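Undergrad: Mind looking at a prediction? Sequence and model below.
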Amino acid sequence: MTFWAYMLHCADRSFYVGHTDNLEQRIGQHDQGQIAGYTQTRRPVKLVWSQAFGTRMEALEAERQIKGWSRAKKLALIREDWTLISSLARSNKEKKSPSTGSGRTE
């Protein structure tokens, strides 16, 4: 069985990221407002990215990872701009890396 991680572009210009084992059916459900929650009030939606995975856990892990990404990184994924994705990942790590010093200058 194939599992999918996917990203939708919503009518309010936001993105929704999810996973499923039936991509075509799930997109239809989102677009028809059959799934309560985020996309129900942001229709119509458009599929802008998807990737197949061998297990549900892999698809879920991809979903969780992408949900944590910035808008710029999601746009780079849609464009398959791997150089920019890598660059944005490095700049994000630099922002989050803890300081090793006490902050004092001596």
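TA: The structure has been received and is ready for your questions.
Undergrad: what bits of this structure have low per-residue confidence?
TA: Along the chain, segments meeting pLDDT under 70 span 92-106.
Undergrad: Which residue ranges of it form strands?
TA: Assigned by DSSP state E, the strands in the chain fall at 3-10, 15-20, 45-53.
Undergrad: Please convert those to a markdown table, extending it with mean neighbour count.
TA: (C-beta placed from N, C-alpha, C; glycine too.) A markdown table is the format used below for the strands of the chain (neighbours: other Cβ atoms under 10 Å):
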| stretch | mean neighbour count |
| --- | --- |
| strand 3-10 | 21 |
| strand 15-20 | 21 |
| strand 45-53 | 16 |
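Undergrad: can those strands go into JSON lines with extra columns for distance to residue 61?
TA: Listed next are the strands of the chain as JSON lines, based on distance: least, Cβ to Cβ, whole Å:
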{"stretch": "strand 3-10", "distance to residue 61": "8"}
{"stretch": "strand 15-20", "distance to residue 61": "9"}
{"stretch": "strand 45-53", "distance to residue 61": "9"}
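Undergrad: Ok, which of these comes nearest residue 69?
TA: Among those, the nearest to residue 69 by Cβ to Cβ is strand 15-20 (8.6 Å).
Undergrad: Report the spatially closest residue to residue 60, excluding sequence-adjacent ones.
TA: In space, and not counting its chain neighbours, residue 60 is closest to residue 19: 5.3 Å by Cβ to Cβ, 6 or more residues apart in numbering.
Undergrad: Now do the same contact list for that neighbour.
TA: Contacts for residue 19 (Cβ atoms under 8 Å, 6 or more residues apart in numbering) come out as 3, 4, 5, 6, 56, 59, 60, 62, 63.
Undergrad: Which one of the strands of the chain lies nearest to residue 30?
TA: Taking the strands of the chain one by one with Cβ to Cβ, strand 45-53 is closest: 5.1 Å.
Undergrad: Which residues does that closest one contact?
TA: 2-11, 15-16, 23, 27, 30-31, 39, 59, 62, 77-78.
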